[in-house]
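Engineer: sequence unknown, structure follows:
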Ligand SMILES: Nc1ncnc2c1ncn2[C@@H]1O[C@H](COP(=O)(O)OP(=O)(O)OP(=O)(O)O)[C@@H](O)[C@H]1O
């Protein structure tokens, strides 16, 4: 069995008057350390699927397995979630924000400072531990959010459009940082994005969903010659434009 396994996931939202089928029969297997992106038309259920994988609510039908074990309160902490908004607490210092998850998990207080310093160093912000979020740029705050996500040592990172609120230069820099950091820590990751280029640049596989209801339409393997490069270098690779065209055409065909 693969590290993260989605098995026949169906999901509907129910209101008092009707049911809306959002996801139909999603099965996917993701191996340990793999970086996979989810793309697809707006409303095809990408965030819903990510929320189910995070254990925020159960699928109407189907199962999620992590390392062969059904997702439950016991193994839910193996998953970290990073969102478009950084959701840093404005009244806490950066160091306190990075270690908030450890505090919630009641991990020994002694190691918090060391963990925060090491992670802030890793994300290129070694000197901001005593600052407050308002003193940092949007890109810096997302770096802090990445450090906070990594602090609780999740095995799987779910990244829901984490760069979409950033300026282009910060976004490119952060893409490189995230890929490099996740490779260093050998994390498994799923990125939800509307940016085909970002999906190609960061992933080993790109999963294209169709909508109404959301289903897996096609899975694109990114050639190793590209996926071994940094996202910035992938964008300069001669094969990049062709892969982009192929995925774009397929996305367009979905209407
Ligand atoms: N809590 C909810 N109750 C009812 N319907 C919902 C709820 N959350 C999402 N939906 C509906 O489910 C569908 C899928 O939403 P979801 O946010 O998962 O899609 P998405 O692919 O992430 O969209 P986008 O790309 O625009 O962010 C949409 O039609 C949305 O309106």
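Structural biologist: Perfect, I can see it now. None of the values given here were measured: they were computed from a predicted structure. Numbering: from 1, shown residues only.

Engineer: only C-alpha atoms for contact and neighbour calcs from this point on.
Structural biologist: OK.

Engineer: count of residues packed around residue 172?
Structural biologist: For residue 172, the neighbour count with other C-alpha atoms under 10 Å is 16.

Engineer: residue 105 too?
Structural biologist: Close neighbours of residue 105, defined as other C-alpha under 10 Å, add up to 11.

Engineer: roughly how far does it sit from residue 185?
Structural biologist: Counting by C-alpha to C-alpha, to the nearest Å, the separation of residue 105 from residue 185 is 20 Å.

Engineer: residue 123 now?
Structural biologist: Using C-alpha to C-alpha, residue 123 is found at 13 Å from residue 185.

Engineer: those two: which is more packed in?
Structural biologist: residue 123 (20 against 13).

Engineer: so who does the more buried one touch?
Structural biologist: Contact partners of residue 123, counting by C-alpha atoms under 8 Å, 6 or more residues apart in numbering, are 143, 144, 146, 147, 177, 181.

Engineer: what's the distance between the second one and residue 192?
Structural biologist: Counting by C-alpha to C-alpha, the gap between residue 144 and residue 192 amounts to 20 Å.

Engineer: which one's more surrounded, the two?
Structural biologist: When neighbours are counted by other C-alpha under 10 Å, residue 144 and residue 192 differ, and residue 144 comes out ahead with 28 against 24.

Engineer: against the ligand, how distant is the more buried one?
Structural biologist: Relative to the ligand, residue 144 is positioned 23 Å away (C-alpha to the nearest ligand atom, to the nearest Å).

Engineer: what is the helix or strand that that residue is a member of packed up against?
Structural biologist: According to DSSP states H and E, residue 144 maps onto helix 138-151. Contact analysis of helix 138-151 by 3 or more C-alpha pairs under 8 Å, 6 or more residues apart in numbering; DSSP states H and E lists strand 79-82, helix 94-98, helix 100-104, helix 112-122, helix 168-184 as its packing neighbours.

Engineer: lowest average pLDDT across these?
Structural biologist: Among the helices and strands packed on helix 138-151, helix 100-104 carries the lowest mean pLDDT, a mean of 79.

Engineer: give me the contacts around that helix.
Structural biologist: Outside helix 100-104, the residues that reach it (C-alpha under 8 Å, 6+ apart) are 109, 112, 148, 151, 152.

Engineer: can you tell me which of those has the most neighbours?
Structural biologist: Tallying neighbours with other C-alpha under 10 Å puts residue 148 at the head of these, with 29 neighbours.

Engineer: what sits closest to residue 222 if chain neighbours are left out?
Structural biologist: Of all residues not flanking residue 222 in the chain, residue 204 sits nearest, at 5.2 Å (C-alpha to C-alpha, 6 or more residues apart in numbering).
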